[in-house]
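J.: Curious how this folds, go ahead:
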Amino acid sequence: MASSRQAINHIHFLQDDAGNRIDSQSGIQAHCAGFFEDLLGSDVPPALFIQSDLDALLDFECSSSQRDYLGADFSLKEIKDAFFSLPRNKTSGPDGYSAEFFVSCWSVVGHEVSSAILEFFRSGSLLKQWNATSLVLIPKIQNAAKVSDFRPISCLNTLYKVVSKLLANRLKSVLSDVISHSQSAFMPGRSLSENVLLASEIVQGYNRKNISQRAMLKVDLRKAFDSVRWDFVLATLKGLKIPETYIGWIKECVCTPSFSVSINGKSEGFFKSKRGLRQGDPLSPYLFVLAMEVFSKLIQSRFASGYIAYHPKTENLEISHLMFADDVMIFFDGSGSSLHGIYETLDDFAGWSGLRLNREKTLLFHAGLSSHEDREISDYGFPYGSLPVRYLGLPLMSRKLRISEYSPLMEKISSKFRAWAVKSLSFAGRTELIKSVIYGTVNFWISTFSLPTGCIKKIESLCSSFLWSGNIENHSKAKVAWSCVCLPKTEGGLGLRKLTVWNNTLCLRLIWLLFSGGGSLWVAWQNHHHRLSTTSFWQIQGKTSDTWLWKSLLKLRHLARQFISCKIGNGTSAWFWHDSWTPFGSLLNLLGEHGPRNLRIPLLAKVADACNDNGWLLASPRSDQVVALQIFLSTIQLPSHSVLPDQFDWVIDSIPSNGFSASRTWEKLRPRGTLKDWASLVWFKGSTPKHAFNMWIANLNRLPTMDRLSSWGLPVSTTCCLCSASTETRDHLFTDCSFTRVIWDKILSRLGLPLVPFVTWDSLLRWTKVQSSSSPPTLRLIILHALVYSVWRQRNNLIHNQISIPPLNVFRDIDRQIINTITARRLMKKFRNLMGLWLY
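T.: Numbers count the residues shown, from 1 in each chain. Predicted coordinates:
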């Protein structure tokens, strides 16, 4: 995998700005080094911002406790935790020492490196060697030909990364109070999908003819991270009243790097930078969103003053823009004057921060414009965009997406399968790629959208084809139904997830946000547009004018209701009849449609409306259910006596949580099978994956033995090819076949056990469970796995390749596999003494 990735990322040639081809290694290196020295090392023009203007724009100041926390001394524990939390298997910096080195040798080097890091925080001076950086170029597009088509990723020295991580950990604890909700990048609790959902709501109707004037500008910033002015970042920190000591540490980290460019494994150039935040530096994301917060405040102030007019759908909520790092969406009324104001604001911000508009890649979307307004905004030269458009990697559209419009997702999945088709992958390897890579790609979409059924079926069909044949073009018959594959291993599956149910599970998180996400702009939008403060979400009626995303959430209410309950505080949020705030669930479901009349509590009453300071205002009970309700109400505090807000919980199996859990919700909703007593014999800890997969198929009796092939109507001989004496069944092949008996006799003799023949598959499984000090169950499982795998492989070799190997040779192959398995796992407790038991 690594070598193939290196081959893909190898730069064979480049084009310069004049279109000349550069194909020599030395020429490519010199060209790249020169490009980045010009980009990062050229002189920075004088600053155009005034500190007092910046201070006035920022409406937040650190509290005294926050200032104390930011400037406090770092402890040895914080330093060690930072080292041990660094991601593994990452490329090292110029010094060649990876995080794994420091972690594994901590008892030797821990004290020295901790002392060196503490010395930096004491002196405020960073060794220049620590801040040396190697730039690695990653292509942003296929067939990248120019240096600008590559994304520069900074490979940093581990010691510097720890310093940066320590500073970042403290800074991000403050940023949650600083960063407005229009920004969602790198902020805990904020989601990329909410930006996409809200933008989709705002652009609804752009395809209609008779619609009021409106527009959206999708802004692209030129070389965003590489262009940020350092003095602007430091001035922003100062404007937030962050301690000078902390700002000094940041300055030393950000303003002292030196660079070399790594091209095809070789370094070129050495220069100091004068601007930019390094992608790969733990500090950079937080400093960048802080810089973008200034733009957020600046443009919001221009909207608030009337200099720029709001989009007709966002004026009530005063939503002017959405941002995710350098992805910026600005919504306005579509007038030329407003576009002028936006352009001027972007230009002002560029003079402050160095972040300049990329006019060629910035797109303008509009609807309902008159010919006069159309001509006026066209003078600004922004290319016109059309929906759907990719926003944050997902399609942004004004109507429900068709299956054909999910083609980017399908093509991405298909391209990965095609790339893997040329590799010799085992079934177990294919399973892991589906589980980690394909499902990871799909999760990005289904956490935001309800995918069409046809789209999900196609994805699962591709996964099934790849799993069983290794090639999505080869639609060979699956050995196990996909519904069984998607069961947990304990129930006879492979632990994959049925995508329809998983899609519903992830979308339930959006419903949960309606009850818990008080600061979310998307939640505020839904509350405003659907009047959720005056109507219960559980009873709201869908309208034809609703967006398709909202309609898809309404369809999931029947699943969501079982999970959402309310712990009553002051009773002003929970609906008396609709929310589950009692042990009886929805009171409307409990008492029926006549309940409001019988109890004399209005249908749209909040819990607080059903009581006063003297008690509950319910009519006299007329049923046992109402009696039980009144008994319960007598045990809780009156809402009118509480100052706490109502608290909604996500409840699974009667266990409440104040957060959504996708895995626990999936476990509740997923399809279920029967528990398999053989599952632990297949998927035991330490098993060889390809052996375990083969054992899984064998336990399900899905191996294509001759008796099964014949039962499908295929014209084949049912005689066992290994012994030519009996019908080939699973039980025969691995128990009483004379070929296999020779192997079993060698194994039992090696273990010092009596040569008792096996008769059925179940007898093999029972054998593995026998407790014996000379041949414990773990050793017996390793043996059975290796035997089933090797005998089945020899059977296939004989049928398909006409290669015949004597049983003693097969035993030697099994012996080698057992030794390799035990050796690789010798540090695991259950494997520690197995080598001696097997060999002696």
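J.: Could you list the low-pLDDT ranges of the chain?
T.: 1-9 (pLDDT under 70).
J.: Can you give the domain ranges for it?
T.: Here the domain parsing of the chain from automatic domain parsing is 2-163+230-275, 403-479, 679-839.
J.: G686 is in contact with F831, correct?
T.: Yes - in this structure, F831 is within contact of G686 by Cβ atoms under 8 Å, at 5.9 Å. Where you see a C-beta, it was placed from the backbone N, CA and C, and this is true even at glycine.
J.: so what sits against both of these two?
T.: T778, R825 (Cβ atoms under 8 Å, 6 or more residues apart in numbering).
J.: So for M397, what's the nearest residue that isn't a sequence neighbour?
T.: P388 (3.9 Å; Cβ to Cβ, 6 or more residues apart in numbering).
J.: Kindly apply the preceding question to P596 instead.
T.: Nearest non-adjacent residue to P596 (Cβ to Cβ, 6+ apart): L603, at 4.7 Å.
J.: Could you measure from that neighbour over to W575?
T.: 9 Å (Cβ to Cβ, to the nearest Å).
J.: just L837 next, same as before
T.: 66 Å.
J.: quick one, which of L603 and W575 is more surrounded?
T.: W575 (24 against 15; other Cβ atoms under 10 Å).
J.: Give me the phi and psi angles of that one.
T.: For W575, the backbone dihedrals are phi -80, psi 130 (criterion: degrees, to the nearest 10).
J.: Compute the distance between the spatially closest residue to it that is not a sequence neighbour and L171, please.
T.: Nearest non-adjacent residue to W575, counting by Cβ to Cβ, 6+ apart: S536, 4.5 Å away. Look at S536 and L171: by Cβ to Cβ, they are 41 Å apart.
J.: W577 too?
T.: Relative to L171, and taking Cβ to Cβ, W577 is found at 47 Å.
J.: Which of those two has more residues huddled nearby?
T.: W577 (24 against 20).
J.: give the contact list for A47.
T.: A47 neighbours (Cβ under 8 Å, 6+ apart): R229, D231, F232, A235, W352.
J.: Test my guess that the last one contacts A291.
T.: No - contact between W352 and A291 fails when scored by Cβ under 8 Å: they sit 9.0 Å apart.
J.: Checking my notes, the residue nearest to W575 in a strand, right?
T.: No - using DSSP: H, G, I helix; E, B strand; the rest coil, the assignment for S536 is coil, not a strand.
J.: Can you report how many residues lie near it?
T.: 18.
J.: cool, and the one 10 residues further on?
T.: Here the number of neighbours of D546 (other Cβ under 10 Å) works out to 18.
J.: quick one: it and L392, what's the gap?
T.: For D546 relative to L392 (Cβ to Cβ), the value is 23 Å.
J.: Repeat that for D731.
T.: 55 Å.
J.: I179 too?
T.: For I179, the distance to L392 - Cβ to Cβ - is 17 Å.
J.: So between those two, which is more surrounded?
T.: I179 (23 against 19).
J.: just the strands in the stretch 51-200 of the chain please.
T.: Counting by DSSP state E, counting those that start in this stretch, the stretch 51-200 of the chain has strands at residues 132-139, 150-156.
J.: Switch these over to CSV; also include mean neighbour count and distance to R816.
T.: Converted to CSV, the strands of the stretch 51-200 of the chain look like this (neighbours: other Cβ atoms under 10 Å; distance: least, Cβ to Cβ, whole Å):
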stretch, mean neighbour count, distance to R816
strand 132-139, 19, 40
strand 150-156, 20, 40
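J.: could those strands be laid out in CSV, adding distance to L633?
T.: Converted to CSV, the strands of the stretch 51-200 of the chain look like this (distance: least, Cβ to Cβ, whole Å):
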stretch, distance to L633
strand 132-139, 62
strand 150-156, 60
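J.: what residue of the chain is the furthest out?
T.: Farthest-out residue of the chain from its mean C-alpha position, per Cα atoms, centre = their mean: A725, at 54.9 Å.
J.: what about the nearest residue to that residue once chain neighbours are set aside, distance to L808?
T.: Closest residue to A725 apart from its sequence neighbours, by Cβ to Cβ, 6+ apart: S738 at 6.7 Å. Using Cβ to Cβ, we find S738 at a distance of 13 Å from L808.
J.: next one: S573
T.: S573 is 76 Å from L808, by Cβ to Cβ.
J.: ok, those two, which is more surrounded?
T.: S573 (19 against 11).
J.: Tell me if I am right that that one is in a helix.
T.: No - per three-state DSSP, S573 lies outside any helix segment and is coil.
J.: In contact with the residue lying closest to it once chain neighbours are set aside, which residues are there?
T.: Closest residue to S573 apart from its sequence neighbours, by Cβ to Cβ, 6+ apart: D646 at 4.0 Å. Counting by Cβ under 8 Å, 6+ apart, D646 touches C566, K567, I568, G569, N570, G571, T572, S573, A574, W581, V607.
J.: With S414 instead?
T.: L462, I472.
J.: And for I456?
T.: Listed by Cβ under 8 Å, 6+ apart, the contact set of I456 reads L499, T500, N503.
J.: Inside helices: which ones of these?
T.: Secondary structure from DSSP state H places L499, T500, N503 of the contacts of I456 in helices.
J.: most neighbours, which of those residues?
T.: N503 (24 neighbours).
J.: That one and E37, how far apart?
T.: In terms of Cβ to Cβ, N503 sits 48 Å off from E37.
J.: What of R793?
T.: 57 Å.
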